[in-house]
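> generate coordinates for the sequence data below:
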Amino acid sequence: AMTHCIEAVLTPVVHPPAEAIGVDGAERIGKWLERAVKDGSDRDARWHMMMGSFEGALAFAKGLGAVHGLSHALGRIQELKLHHGTLNAVILPLSLAMIGIAAEDKFARLKRALGLQPGADLAQYIVDLNARIGLPSNLRAMGVSEAHWPSTRDYAVSDLATMSNAVPFDGEKYDELFRRAL
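Down below sits the predicted model:
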């Protein structure tokens, strides 16, 4: 859900209402995710996570990005049965690092929504959040290996989400993202 919100905000497609919804969803998830994970019976936390997830779905009418291009490609590996949300969470900080200053204003808006200082590293925030909620730190921990890449590369490049990434992504960029995520 956080990835849906963040990628939707960062895409260069112009859709101000969807972007505002994505920012609000990211803020909500940033405030409530850890509490919901810690206690699944916490109705307030679950309600806010449901809203954040719903907002992510509304926001991605604006588009997504390379996280989803790679996640969709890896999710097709039948023998691994990889979870889409976990793939997104693991890949997100690495994609953010590759986007860099291409979307400075949007990064700043997301940082404010997440309660981060202007100089904070958004990618590191996601890495730390993932660790706090017990997600794997890389694709290798999920069973992905170099052998899986050749058969998934072209799918990632041609995925519809790739077309709305914050920066253009081709095969070489996906090679780099895959290496970083592995």
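
> show me what contacts residue 181?
Residues near residue 181 by Cβ atoms under 8 Å, 6 or more residues apart in numbering: 70, 90-91, 94, 138-139. In this view, the C-beta of every residue, glycine as well, is placed from N, C-alpha and C.

> cool, and residue 40?
Per Cβ under 8 Å, 6+ apart, neighbours of residue 40: residue 46.

> include pLDDT, secondary structure and neighbour count when you put the contacts of residue 181 into CSV, please.
Formatted as CSV, the contacts of residue 181 follow (pLDDT from 0 to 100; DSSP: H, G, I helix; E, B strand; the rest coil; neighbours: other Cβ atoms under 10 Å):
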residue, pLDDT, secondary structure, neighbour count
70, 98, helix, 30
90, 98, helix, 29
91, 98, helix, 25
94, 97, helix, 23
138, 98, coil, 13
139, 98, coil, 24
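
> with distance to residue 105 added, can I get the residues you listed in a markdown table?
Conversion of the contacts of residue 181 to a markdown table gives the following (distance: Cβ to Cβ, whole Å):
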| residue | distance to residue 105 |
| --- | --- |
| 70 | 25 |
| 90 | 26 |
| 91 | 23 |
| 94 | 21 |
| 138 | 30 |
| 139 | 30 |
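
> report the two of these separated the most.
Maximum pairwise distance in those, criterion Cβ to Cβ, is 12.8 Å, between 70 and 138.

> and the helices in the chain, which stretches?
Remark: helices assigned in the chain by DSSP state H are 2-10, 16-38, 43-59, 66-75, 84-99, 104-113, 122-132, 149-158, 171-181.

> between these, which gets nearest to residue 164?
Short answer: helix 2-10, nearest of the helices of the chain by Cβ to Cβ, at 8.4 Å.

> please compute how far the closest one lies from its chain's middle.
Mean C-alpha position of helix 2-10 versus that of the full chain (Cα atoms, centre = their mean, to the nearest Å) differs by 6 Å.

> what is it packed up against?
helix 16-38, helix 43-59, helix 66-75, helix 84-99, helix 104-113 (3 or more Cβ pairs under 8 Å, 6 or more residues apart in numbering; DSSP states H and E).

> out of those helices, the one nearest residue 128 is which?
helix 84-99 (9.1 Å).

> rewinding a little: now the helices of the chain in JSON lines, with distance to residue 143?
Shown next, in JSON lines, are the helices of the chain (distance: least, Cβ to Cβ, whole Å):
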{"stretch": "helix 2-10", "distance to residue 143": "20"}
{"stretch": "helix 16-38", "distance to residue 143": "22"}
{"stretch": "helix 43-59", "distance to residue 143": "25"}
{"stretch": "helix 66-75", "distance to residue 143": "10"}
{"stretch": "helix 84-99", "distance to residue 143": "11"}
{"stretch": "helix 104-113", "distance to residue 143": "30"}
{"stretch": "helix 122-132", "distance to residue 143": "17"}
{"stretch": "helix 149-158", "distance to residue 143": "13"}
{"stretch": "helix 171-181", "distance to residue 143": "13"}
